[in-house]
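Student: Pasting a predicted model and its sequence here:
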Amino acid sequence: MWLAIAFTVVASIPFGAWLHSFSLPLFVSFAVWGLYFVFGANIQGAVKVIIPCFMAGGFGAMLVQMFAMALVKAFGSSFAASFFPGTLDKGDWGIIIAYFIGFCVVVGSMVFVPLFQQGTLAFYTGIALTLGIIFLGFGGAWLGNPDNAYAMAFASYIHAVIAMILGCALGWLSVFLNGAKPPAEAPAS
C-alpha cells in the first residue's frame, strides 16, 4: 500500500505544479482522495455519491459567495478593516448576512434530497473546499477575467470540480495500484 500511495502522490504533481496558472489546488484532490475511501473505494461510490454531492455543495458555496459580493457592493467595501480585531465596516455586514442566510438555505436544502443526506461529508467538503479555493484566489486563469468577482467565484467552482474529479481518479489509481479486487457478493441465504 505504501508504494501505491507514493506513486499516486507523484502522479498528482504535474496537475498541481507544472500547469502554472492552470495548476489545480491539490489539497482539494487529496481531500477527495480520502472521500473516495470513505464512500467504498470504488467508482460507483464516487459517481453516485461524491461527485453529485460535492458539486452541489460547491455550487451552493459559489452562490452564497456571489450573494455576499452583491451585499458587499450594497453595503460598501469590506476588506480594509476586517483584518484588525475590534473593527467591522459596512461590507463585513454584507458578508455576515449573506453567509448566515445563504448557508442556512444551502445546508437546509439537504433535508429535501436523500442523496445529500447519504453524502453529507461530500456535500460539506464541496462547500468547504470551494470556499477555500475562492478565498485563496484560484481560478483567475480559467476564465481570463480576474477583475470580475462573480466570474472569479464561478471559475473557483469549476476549479474545485476539476480538482475533485482528479481526487476521484487518484483514489481509483491507488486502489488499482494496490491490486485490490472488489468484494465478492455474499451468498443469498
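Tutor: That came in fine, so what should we check first?
Student: how many neighbours does residue 74 have?
Tutor: Other residues near residue 74 come to 13 when the count uses other CB atoms under 10 Å. Bear in mind the C-beta positions are built from the backbone N, C-alpha and C, glycine included.
Student: Which elements pack onto the one helix or strand it maps to?
Tutor: According to DSSP states H and E, residue 74 maps onto helix 51-75. Where contact means 3 or more CB pairs under 8 Å, 6 or more residues apart in numbering; DSSP states H and E, helix 51-75 is packed against helix 90-108, helix 114-118, helix 120-136, helix 149-178.
Student: Just tell me which of those helices ends up closest to residue 34.
Tutor: Among the helices and strands packed on helix 51-75, helix 149-178 comes nearest to residue 34, with 8.1 Å by CB to CB.
Student: ok, now which ones touch the residue lying closest to residue 3 once chain neighbours are set aside?
Tutor: Of all residues not flanking residue 3 in the chain, residue 177 sits nearest, at 7.5 Å (CB to CB, 6 or more residues apart in numbering). Each residue near residue 177 by CB atoms under 8 Å, 6 or more residues apart in numbering is listed here: 3, 4, 7, 8.
Student: quick one: the residue nearest to residue 59 when sequence neighbours are not counted from residue 163, how far?
Tutor: The shortest distance from residue 59 to any non-neighbouring residue, by CB to CB, 6+ apart, is to residue 157 (6.4 Å). Per CB to CB, to the nearest Å, residue 157 is found 11 Å from residue 163.
Student: and for those two, which residues touch both?
Tutor: Common neighbours of residue 157 and residue 163, using CB under 8 Å, 6+ apart, are residue 133.
Student: Can you pull out the low-pLDDT segments for this protein?
Tutor: When residues are selected by pLDDT under 70, those of the chain lie in 1, 76-90, 139-146, 180-189.
Student: again, 90 this time
Tutor: Per-residue confidence for the chain (pLDDT under 90) gives these ranges: 1-34, 36-47, 69, 71-97, 133-152, 155-156, 159, 171-172, 174-189.
Student: Now do the SS call for residue 24.
Tutor: The three-state label given to residue 24 by DSSP: H, G, I helix; E, B strand; the rest coil is coil.
Student: neighbours of it, just the number please.
Tutor: Count around residue 24 with other CB under 10 Å applied: 23.
Student: how about it, what does it touch?
Tutor: Taking CB under 8 Å, 6+ apart, one finds 15, 16, 159, 162, 163, 166 in contact with residue 24.
Student: Just the buried residues from the residues you listed, in ChimeraX please.
Tutor: Entered in ChimeraX, the line below selects the buried ones among the contacts of residue 24, by 16 or more other CB atoms under 10 Å:
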select :15,16,159,162,163,166
